[in-house]
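K.L.:
dropping the sequence and predicted coords here.
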Amino acid sequence: MRPDERDLDEEIRSHLALSVRERVERGEDPEAARLAALREFGYVPAIRDSMRRVWYGRWFDAGAALGHDMRIGLRSLLRAKGLAATVVVTLALGIGANAAIFSVIRGVLLRPLVNRDEDRLIYIRQTAPGIGAANMTFSVPEINDLRSRVTTIGAFGDFSTVDFTMIGLGGEPRIVKAGVVGGSFFDVMGLRPVLGRLLNEHDDGPTAAGAAVLTHRFWTTSLNSDPTAVGRTIRLGPRTATVVGVLEPSVPYPADTEIIANVVTSPHHLGATMVTSRTHRMTELFGRLKPGVSIEQARAELAAAHAAIVHEHPEAYSPKAAVRLTVRRLRDQIASPARTILLLLLGAAAVVFVIACSNVANLILARSVRREGELAVRAALGAGPGALRRTLLAESLVLCCGGAVLGVLLARPSVMVVARYAARFSVRALEVHVDASVLWVGAGLAMAAAILLAFVPRLPSPRAPTGLGLTSGSLRITPGTNRRLRVFATTQIALSFVLLAGAGMLLSTLVALQTANTGYDMRQVLVFDIPGPATGVAGQKEIDFYQEATRRISGLPGVRGVAVGSFVPWRDAGRFGPGVPFAVEGYTPADGEEDPRARLRIVAPNFFAVLGVPLLAGRDFIDADREGCEPVSIVSESVARRLFPNGEAVNRHMWWTDPYFGNRVLRRIIGVVADVDDENVIRGSAMTIYMPVRQIGHAGRLFVHAAGDPYALVPAVKRVIREISADQPVERAATLEDVRAEVLSPERLNAFVFSGFAGIALLIAVVGVAGVLAFSVSARTREFGVRLAVGSAPRQLLARVLGEGVLIAAIGIAAGAAGGYALARASAMVVPQVELPGALPVMGAAAVLITAAVVASLLPAARASRVDVVQALRSE
Amino acid sequence: MAKHSDEQRLELLQGTLDMLILRTLQWGRQHGHGIGQAIRAQSDDLLKVETGSLYPALHRLEKRGWLQSEWGVSEAHQRAKYYRLTAAGKAQLSREQDRWAQLVDAIGRIMNPAPAVKP
């Protein structure tokens, strides 16, 4: 019969009892008999292990022994609740942060897409590094050329994004973001419908019937998964389409649209410009590799075909732009924007983990000094180094398991927070959910920490005298232990410094962004999106609508001014591409120099006054600047200064040189306005040319300058517009100030998340420094007693301990600055966006840490200065 | 008390402890402490069995089926785990005794060569 643990213990106990009884019967003193019996028996745990090893296999035995030690460890930790709680919470913070970040990284960067054979799915991008265009997209003629020349790719899929005003699904007319795709798109992407069918080659071309597929998210969130949605006919702008199916849940790429429709629904896609203009680029291109073809082969073939196309059409590819193709797997393409931020977060989480471990190491080290007596006794009784390590490992395992359990519990809600945050960078984060990987990461980290921590304390040397005084008398601290404690505390300060400086950098960037002077009146200007009405009004009717809306809204109480425009600052960033080439009278570009480019904006009279942009010369647009009258334009100060350095810009002529604008139309410059940058919150170069809405049309944005609270005007403005045109969407009302805040929310979140990490790190480091000093003070009670006895003032002792705290912090900061600099250099190789923080965040972080160190030292210092001389001297 | 000091004690030969335990139990059941004491007493204190060897050996023999254990109460009203020989244990004891005799004989021949001619 296999004896169990209790059986073995009982047998040993009875042996000892018999042995003691025998000695007592021989006349020995009971206490001496007990000690002698124990000494004769040998090291109990080792003998129990060797008995057990008879019955169980070696590994099982080691595990059982560890389990036994863990039970003992748990019991002894329950006697030191404060320490155990600190250690568990500290570890939980470190483990929880890492587990949460890792789940998100796994979901966003590592998990395969749902698309069929997703490893054969590639994303092809046309870039023009020469003019800073990271994604030029493709024009239809370019796609056709690639299709006819490339053999490594089985099929191409194309996708372009348009805004439709949709009527017929879910209440009011509204603007939906829609994808327009060719017939091969869904087959190339390898996606399936959950309801109905997807678009196929029969839906292609200008003669097919209008058809649209709903995305899963739109169908479930806006339509409550209504199955009758399939088969309904909807209005998309001027055309109609039938809803043919619902797409399976998948990563919405390249754009998060609500519906995906065929080409026939978009008049623009059927127009001559779209079909024949090589430079009219608005289409994203995907490809599916033929079986057995590597991505390198496809890359090489595509690059060769593209080079040939560029060679054949020099007019469409300027040498300066250096147009080229990049090819990557769709999965990598989708993940890439989030990669940097997630890796940085992982780094921050790892640093927090190291800080947590070093703090716990400190606490354990301090505890093991208190246990030195116990360990010495165990060693004297014959416990080998292995057995002693196992005892220590058991205890740190108990602590780390506690930390892991709490950490995993913390990780669950944090995953949601981090995923929502990461969703700003990669749509894939939306599908992240908590899974078993959190558990594995938590358990793995806990194991790593436990093993690390078990090797921190020094074992008592069997040679050293095992003074029993250690078990009973006051604490003695060896210089070695003291040095180690300080090293750990310094490490914590150094790592916290790195995180604090990083958080400080993000915060100062954010402050700079939020307080940058934009040149606009930020508080009082209310903006609306009013895209072209659903009925497809264009030309004169659209302009009449703007006129009437402007007139009626101006009459509302509390309105100081109204104007339509084409571009909401920052929110519409990138909408019109990188700028349009133009030329002016009297400025000839040097040989080989490109035409200058300017942003093209369409505005109504009074626009500059409404937004608070000063007119520097000439006049504003007026209602008389209409179609059929003299074409006019207004330029920004930077255009005037660059192209007319010696003279007046006003009354000279400019014209757009992009072929999209057809015949050259000379426009007289009638005014110059101050520079504003509506693409970037921090102002950069902003060459902009404005054209009057009455000569062009296509505005779509409404700006209202309010006298009082801008949001109070929203219902009235909406009502007025609906009175004029019932189908007209009026959306996304916000003040410029709030538009900026919305645009900056990723920066704010970055700063927030990193500050969170830095805050945790700081907290742990403060606990660490305070702990080290408290321990060192309590171990030196006698020294302080002697110092006081020989005439030191308590103030001197206080200053001494404070000085030690500040010294730890100062060394830590220096080490952190050096290490952080090296780290930033090293990580810049992996993540090129890494920057070094400026002087202000560095100084700020240092100041925070020094202050924290002083605060952390105050309590131990005060205790040192209040040491009772008599008691301190007697305690030895 | 002890008739021999620690220096005079003899190291047990490898493999002999099992035999000594089986032999000790030939006269009836006994607990671990008792077995240790018996070996010591019967060897006139020349042999001392370390607990670190005795207890694992007891468990090893029990596992092989030569011993059987049961909890009992000693003459001094002390609860203790008693070991007794099984039938297999008795057979093993006689085998070990034979082997021991052969070994002693063989070693004896080497150490004290017999006279060449027997009378």
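P.N.:
That came through, no problem.
K.L.:
so which bits of chain B are right by chain A?
P.N.:
Counting by CB under 8 Å from any CB of the partner chain, the residues of chain B close to chain A are B:1, B:31-34, B:37, B:50-52, B:55-56, B:59-60, B:63, B:69, B:74, B:76, B:78-81. Quick note: C-beta positions are derived from backbone N, CA and C, even for glycine.
K.L.:
from those, which land in helices?
P.N.:
B:32, B:33, B:34, B:37, B:51, B:52, B:55, B:56, B:59, B:60, B:63 (DSSP state H).
K.L.:
tell me who's in contact with the second one.
P.N.:
Residues counted as contacts of residue B:33 (CB atoms under 8 Å, 6 or more residues apart in numbering or on different chains) are A:14, A:15, A:18, A:19, A:22, B:80.
K.L.:
next: the third one.
P.N.:
Residue B:34 sits next to residue A:18 when contact means CB under 8 Å, 6+ apart.
K.L.:
biggest helix in the chain by residues?
P.N.:
Going with chain A. Under DSSP H, chain A gives helix A:330-370 as its longest helix.
K.L.:
should've been chain B
P.N.:
helix B:87-111.
K.L.:
how far off centre is it?
P.N.:
Counting by CA atoms, centre = their mean, to the nearest Å, helix B:87-111 is centred 13 Å from the centre of its parent chain.
K.L.:
now do stretch A:771-786
P.N.:
Its chain's average C-alpha position is 44 Å from that of stretch A:771-786, according to CA atoms, centre = their mean.
K.L.:
what's the first-to-last distance across that stretch?
P.N.:
From its first residue to its last, stretch A:771-786 covers 23 Å (CA to CA, to the nearest Å).
K.L.:
buried stuff in it?
P.N.:
A:771-782, A:784-785 (16 or more other CB atoms under 10 Å in any protein chain shown).
K.L.:
in TSV: those residues, plus pLDDT and distance to chain B.
P.N.:
As requested, the buried residues of stretch A:771-786 are exported to TSV (pLDDT from 0 to 100; distance: CB to the nearest CB, whole Å):
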residue	pLDDT	distance to chain B
A:771	77	40
A:772	76	41
A:773	78	45
A:774	78	42
A:775	77	38
A:776	76	41
A:777	77	44
A:778	75	39
A:779	74	37
A:780	76	42
A:781	77	42
A:782	77	41
A:784	82	47
A:785	82	46
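K.L.:
just these: which are in helices?
P.N.:
Those of those mapping onto helices are A:771-779, A:781-782, A:784-785, per DSSP H.
K.L.:
got the contact list for the closest residue to residue A:866 other than its chain neighbours?
P.N.:
Of all residues not flanking residue A:866 in the chain, residue A:794 sits nearest, at 7.0 Å (CB to CB, 6 or more residues apart in numbering or on different chains). By CB under 8 Å, 6+ apart, the residues touching residue A:794 are A:788, A:865, A:866.
K.L.:
residue A:794 and chain B: what is the separation?
P.N.:
55 Å (CB to the nearest CB, to the nearest Å).
K.L.:
list the helices and strands the helix or strand hosting residue A:127 packs on?
P.N.:
Here residue A:127 sits within strand A:121-127, counting by DSSP states H and E. Under the contact criterion of 3 or more CB pairs under 8 Å, 6 or more residues apart in numbering or on different chains; DSSP states H and E, strand A:121-127 touches strand A:284-289, helix A:295-312, strand A:324-329, helix A:330-370.
K.L.:
any idea of the mean pLDDT for that strand?
P.N.:
For strand A:121-127, the mean per-residue pLDDT is 90.
K.L.:
need the residues that contact that strand.
P.N.:
So strand A:121-127 is contacted by A:113, A:115, A:133-138, A:142, A:146, A:153, A:188-190, A:281, A:284-289, A:295, A:298, A:302, A:306, A:323-331, A:333 (CB under 8 Å, 6+ apart).
K.L.:
could you give me the average pLDDT of stretch A:156-166?
P.N.:
87.
K.L.:
name the residues of the stretch 401-550 of chain A found near chain B, please.
P.N.:
Counting by CB under 8 Å from any CB, the stretch 401-550 of chain A has no residue next to chain B.
K.L.:
count residues in the vicinity of residue 82, would you?
P.N.:
No chain specified, so I'll use chain A. 8 (other CB atoms under 10 Å in any protein chain shown).
K.L.:
chain B was what I was after
P.N.:
Count around residue B:82 with other CB under 10 Å applied: 20.
K.L.:
ranges for the helices of the stretch 401-550 of chain A?
P.N.:
A:436-454, A:469-472, A:479-515, A:540-554 (DSSP state H, counting those that start in this stretch).
K.L.:
as JSON lines, those helices with mean neighbour count would be great.
P.N.:
Below are the helices of the stretch 401-550 of chain A laid out as JSON lines (neighbours: other CB atoms under 10 Å in any protein chain shown):
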{"stretch": "helix A:436-454", "mean neighbour count": "19"}
{"stretch": "helix A:469-472", "mean neighbour count": "14"}
{"stretch": "helix A:479-515", "mean neighbour count": "21"}
{"stretch": "helix A:540-554", "mean neighbour count": "17"}
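K.L.:
how far away is the nearest residue to residue A:356 once chain neighbours are set aside from residue A:309?
P.N.:
Nearest residue to residue A:356 in three dimensions, chain neighbours excluded: residue A:94, at 3.2 Å (CB to CB, 6+ apart). Residue A:94 is 54 Å from residue A:309, where distance means CB to CB, to the nearest Å.
K.L.:
between the two, tell me which one has more neighbours.
P.N.:
residue A:94 (29 against 19).
K.L.:
packing partners for the helix or strand where the more buried one lies?
P.N.:
Element membership for residue A:94 (DSSP H and E) is helix A:81-105. Counting contacts by 3+ CB pairs under 8 Å, 6+ apart, helix A:81-105 packs against helix A:58-78, helix A:330-370, helix A:385-422, helix A:436-454, helix A:745-779.
K.L.:
again, 6 Å this time
P.N.:
Using 3 or more CB pairs under 6 Å, 6 or more residues apart in numbering or on different chains; DSSP states H and E, the elements in contact with helix A:81-105 are helix A:330-370, helix A:385-422, helix A:436-454.
K.L.:
can you pull the buried residues of that helix?
P.N.:
If you call a residue buried by 16+ other CB under 10 Å, then helix A:81-105 has these buried ones: A:83-84, A:86-105.
K.L.:
ok, and the closest non-adjacent residue to the one residue in the stretch 301-450 of chain A that gets nearest to chain B?
P.N.:
The nearest approach of the stretch 301-450 of chain A to chain B comes at residue A:382, 8.3 Å away (CB to the nearest CB). Excluding its sequence neighbours, the residue lying closest to residue A:382 (CB to CB, 6+ apart) is residue A:43, at 3.6 Å.
K.L.:
where's that neighbour relative to residue B:57, distance?
P.N.:
For residue A:43, the distance to residue B:57 - CB to CB - is 17 Å.
K.L.:
that's a strand at residue A:600, yeah?
P.N.:
Yes: the assignment for residue A:600 by DSSP: H, G, I helix; E, B strand; the rest coil puts it in a strand.
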